[in-house]
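Enquirer: take a look and give me a structure for this.
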Amino acid sequence: MRLPLAVPLVLAACQSGGKTAPPPPSRVLIASGAAPAFAADPDAILSELEHWRGRAFLGDLEVELVPRSAVANERLNGWYEPDTRRLVVVEGESDAMGRGVLVHELFHALQDQHFGLARLHEQAKDSDAERAVTALIEGEAMLAVAEIIPYDFEQHAKLPPHGPLDAVRFEKIFHYGAGLRFVRALREQGGWELVDQAFRDPPRRTAEILHPDRYLARTRERDEEELFTAWRLTDFEVGEYEPLGEYDLQLFLARSEELRPRAAELAATLIAGRSLRDASGEAPLWITLLSDAEAARAMLAAAEQAGAAEAKALPPDPRLICFRPRPAL
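Expert: As a prediction, the model looks like this:
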């Protein structure tokens, strides 16, 4: 039977002279024999993370080092499993890469001990909310790497100007790049207390990650009401739908090489959207409320340029449009 690789530290209160002795510091145990150079002093990394974040680890951790040959996904350099508390770092890259991954995954363990990562994911009720909470989690961990190593991830967080768009790379840029900027913006505005608040009340839209001011202003309910107010005035019935986020809209536009330079700017005009599926098996119908009539016209033109079908305005509100996006190849 495989035992959990993150071993909780059970602390007993030790009374001495009427005072409670402070708990011993948490430690990192390397489960794979001799540690490579990047993991030679893992306890020092714990101390760095605790000092950087202002939070102490609540228990010991065990790190499993595995060779690159044992990992099927070549893009995967390490992971932390909240359910099992398994923490894995893939060997075979440079010491610099190994140290960065170790810092990143140890920080996930710190997040989990204080905020419960599995619970955060369970609270996400749709794909847009799941992406938003993942960006919060990954963004803070990447900020730790950026400032402790240090490592400038943002220099790599750019879409290729030409050629096909790798959806996996797009997702990584969002989770790590936009997530990092979101956490940094909160810290600049209100310190770590505001970041803590984001873990207690996480963002529920990718638009809130991309625009922290919208998260701080709590505009979600107002934006949703604007969408449904405009929708009710059209001939469309409000039926089965899923939330449509800024992430999906930006990815669709960025798949067009011609639109890629403007994809983020265009998608940022989204107030709220919905994706409707029907029994026809066609691509879903996207209904989007944009910031103003000019933005709606620009989005219609861009959607058609990107290969969307049935693109049209939905009067009487000039900000409301719909189209069927071209399926990804």
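Enquirer: where do the helices sit along the stretch 1-150 of the chain?
Expert: Taking DSSP state H, counting those that start in this stretch as the test, the helices found in the stretch 1-150 of the chain are 42-53, 95-115, 117-123, 127-148.
Enquirer: what's across from Leu289 in the sheet?
Expert: For Leu289, the beta-bridge partners under DSSP bridges are Ala272, Leu320.
Enquirer: looks like Val101 contacts Tyr80 (just checking).
Expert: No: counting by CB atoms under 8 Å, Tyr80 is not a contact partner of Val101; they are 10.4 Å apart. C-beta here means a position set from N, CA and C on the backbone, and glycine is covered the same way.
Enquirer: neighbour-wise, which of those two wins?
Expert: Tyr80 (25 against 22; other CB atoms under 10 Å).
Enquirer: would you agree that one is in contact with Val103?
Expert: No: in this structure Tyr80 lies outside contact range of Val103 using CB under 8 Å: 11.8 Å.
Enquirer: in this protein, what secondary structure element scores lowest on mean pLDDT?
Expert: strand 15-16 (a mean of 34; mean pLDDT, DSSP states H and E).
Enquirer: could you pull out the strands for the protein?
Expert: Taking DSSP state E as the test, the strands found in the chain are 15-16, 19-20, 28-30, 61-66, 78-81, 86-90, 242-243, 270-276, 285-290, 309-313, 320-324.
Enquirer: format those as TSV; extra columns: distance to Glu130.
Expert: Compiled in TSV, those are given as follows (distance: least, CB to CB, whole Å):
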stretch	distance to Glu130
strand 15-16	46
strand 19-20	41
strand 28-30	30
strand 61-66	26
strand 78-81	17
strand 86-90	21
strand 242-243	11
strand 270-276	15
strand 285-290	19
strand 309-313	28
strand 320-324	24
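Enquirer: of all the ones you listed, which lies closest to Leu120?
Expert: strand 78-81 (13.3 Å; CB to CB).
Enquirer: can you list contacts of the closest one?
Expert: Arg86, Leu87, Val88, Val89, Val90, Val101, Leu102, His104, Glu105, His108, Ala109, Asp112 (CB atoms under 8 Å, 6 or more residues apart in numbering).
Enquirer: send the alpha carbons of it over as CSV?
Expert: The C-alpha trace of strand 78-81 is given here as CSV (Å, rounded to 0.1, in the frame of the first residue of the first chain):
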residue,chain,number,x,y,z
GLY,A,78,6.9,18.3,-10.9
TRP,A,79,3.6,18.2,-9.1
TYR,A,80,1.8,18.3,-5.8
GLU,A,81,-1.3,16.3,-5.1
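Enquirer: what's the average pLDDT for it?
Expert: Strand 78-81 comes out with an average pLDDT of 96.
Enquirer: what does stretch 111-127 give?
Expert: Here the average pLDDT along stretch 111-127 is 96.
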